[in-house]
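Asks: Provided below for reference: sequence and predicted model.
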Amino acid sequence: MKAAYVTRLDQIEQLSLKEKEIRKPITENFVFRANEYYLNLIDWNDPNDPIRKIIIPNEGELVEYGRWDASDEETNYVVPGCQHKYTTTALLVVSEVCGGYCRFCFRKRLFVNDEKEAQINPEPGLEYIRKSPEINNVLLTGGDSLMLSTKKLKSIIEQLREIEHVKIIRLGSKLPVYNPMRIYEDEELLELIRTHSTPDKRIYVMAHVNHPKEITVEAKKGFDALNKAGAIVVNQTPILKGVNDNPDVLAELLNKLSWTGVNPYYFFINRPVAGNYDFVLPLEEVYKIVEEAKAKTSGLGKRVRLVMSHSSGKIEILVIENGKAILKYHQARNGNYGQVIVLDCPKEAAWFDDLPGNEKYWKEEQYV
């Protein structure tokens, strides 16, 4: 079964003419893309349906807010299409398209800018990785890595497997919930994973499940196929206002992921990206929601980490209480892994840069 793609709002019968007229200018800033399978998950009688909020343009996208590249990824490129921010990890940006365009996407610049970050030819990045023995894991991202044809994906994975120091290959993808049929109906893809996810060199699928409603019968079938093929599946999602900012919803997500064999990995603070205003939550509120959700789940669910993907690194939020934020560098651009930071946390603070005194921990470094 193929999921037919929908790229115009006027193709959605459930939207009123007025809604289409209001939202059309939004799509001129950030394009719309979905498919019939995913749109069918929406309860169109509920204006606050979480799937609707994830995929349908909202008026808040026109509010002046944030930057296109809020984490300064442009400073991470070492050759075209390849980022190397952390010592052991490289990113190959191999696709500039997704199964659908999340309205809160932190890389929406890939879909609106003329400058192309994704590379059809990954060879410059592969050559850089070959010459960098410190790199032991490579993330194929974009866009969505599983939007590549299986033939193209096979070519890249086979070349990475020829590099002895690359032990882990990660596939960043939301297709397990956007279009799970892409996975469980493609025996060639599953065989590719079986061949190259071995006991000492694994393939990880970095899934992007934002809400338990996305974990359908079809999605479970896709996850099961990946697990049986030997992939290790983990999940990461931002905490989003109006989508999953509820302890019961997050607890349900953590439980359902664990039950279906998907390891909860990261909860992200939503990055201050242009167009994301409607999804923003204060840090303290997010922290409290996450802690309450974790209290409702098993130890497997409690493994998830709450982090900010900041220019300077992945900053884990350990505690926010009594007006203070206790943070730790879970990954650091400058190598200061594990550095603990204690800063005042104003009620309205929604990002690391909003915390008074944050500059001394990173701004003296020039990322060039």
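Replies: Done, it's in.

Asks: quick one, helices of the stretch 251-368 of the chain?
Replies: Assignment of helices within the stretch 251-368 of the chain using DSSP state H, counting those that start in this stretch yields the ranges 283-294.

Asks: shaky segments in it?
Replies: Applying pLDDT under 70 to the stretch 251-368 of the chain flags residues 364-368.

Asks: make it 50
Replies: The stretch 251-368 of the chain contains residues with pLDDT under 50 at 366-368.

Asks: hey, where'd the strands end up in the stretch 51-200 of the chain?
Replies: Under the criterion DSSP state E, counting those that start in this stretch, strands of the stretch 51-200 of the chain are mapped to 77-79, 82-86, 89-93, 137-141, 168-173.

Asks: could you dump these to TSV with mean pLDDT, mean neighbour count and distance to K213?
Replies: In short, each C-beta sits where N, CA and C put it, glycine included. Putting these into TSV (pLDDT from 0 to 100; neighbours: other Cβ atoms under 10 Å; distance: least, Cβ to Cβ, whole Å) gives the following:
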stretch	mean pLDDT	mean neighbour count	distance to K213
strand 77-79	95	15	36
strand 82-86	96	21	32
strand 89-93	98	23	29
strand 137-141	98	21	25
strand 168-173	99	23	18
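
Asks: Please tabulate those strands in TSV, including the columns distance to N235.
Replies: Supplementary listing: the strands of the stretch 51-200 of the chain in TSV, determined by distance: least, Cβ to Cβ, whole Å:
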stretch	distance to N235
strand 77-79	27
strand 82-86	20
strand 89-93	18
strand 137-141	15
strand 168-173	11
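
Asks: what helix or strand is the nearest residue to I183 once chain neighbours are set aside on?
Replies: Closest residue to I183 apart from its sequence neighbours, by Cβ to Cβ, 6 or more residues apart in numbering: G222 at 4.0 Å. G222 is part of helix 217-229, with elements assigned from DSSP states H and E.

Asks: show me what contacts the one residue sitting closest to the centre of the chain?
Replies: Most central in the chain under Cα atoms, centre = their mean is H208, positioned 5.5 Å from the mean C-alpha point. H208 makes contact with 102, 172-174, 177, 235-237 under the criterion Cβ atoms under 8 Å, 6 or more residues apart in numbering.

Asks: and it, how far is that from G100?
Replies: 11 Å (Cβ to Cβ, to the nearest Å).

Asks: wait, what's in contact with E191?
Replies: Listed by Cβ under 8 Å, 6+ apart, the contact partners of E191 are A229.

Asks: What number of residues are in the vicinity of the residue nearest to L343 when sequence neighbours are not counted?
Replies: In this structure, L343 finds its nearest non-sequential neighbour in L355, 4.3 Å apart by Cβ to Cβ, 6+ apart. One way to gauge burial is a neighbour count; for L355, by other Cβ atoms under 10 Å, it gives 20.

Asks: Ok, V63 next?
Replies: Burial of V63, expressed as a neighbour count using other Cβ under 10 Å, amounts to 13.

Asks: show me the contacts for it.
Replies: Contacts of V63 (Cβ under 8 Å, 6+ apart): 277-278.

Asks: begin at 39 from here
Replies: Taking 39 as the first residue, the last one we looked at is V101.

Asks: Just read off the phi/psi values of it.
Replies: Summarising the backbone geometry of V101 under the convention degrees, to the nearest 10, its torsions are phi -70, psi 130.

Asks: do you know how far it is from N248?
Replies: Distance from V101 to N248, by Cβ to Cβ: 21 Å.

Asks: ok, back up a step: Serialize the contacts of H246 to JSON lines and add fields for distance to I64.
Replies: Shown next, in JSON lines, are those (distance: Cβ to Cβ, whole Å):
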{"residue": "C140", "distance to I64": "14"}
{"residue": "G210", "distance to I64": "25"}
{"residue": "S211", "distance to I64": "25"}
{"residue": "K212", "distance to I64": "21"}
{"residue": "V215", "distance to I64": "23"}
{"residue": "N273", "distance to I64": "28"}
{"residue": "Q274", "distance to I64": "26"}
{"residue": "T275", "distance to I64": "23"}
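
Asks: Pick out the most distant pair among those residues.
Replies: Checking the contacts of H246 against each other with Cβ to Cβ, the farthest-apart pair comes out as C140 and N273, at 14.4 Å.

Asks: more crowded one of the two?
Replies: Higher neighbour count among C140 and N273: N273, with 26 against 23, using other Cβ under 10 Å.

Asks: mind checking the SS state of that one?
Replies: At N273, secondary structure determined by DSSP: H, G, I helix; E, B strand; the rest coil is strand.

Asks: wait, it sits on L295?
Replies: Yes - here N273 lies in contact with L295, judged by Cβ atoms under 8 Å, at a distance of 5.3 Å.
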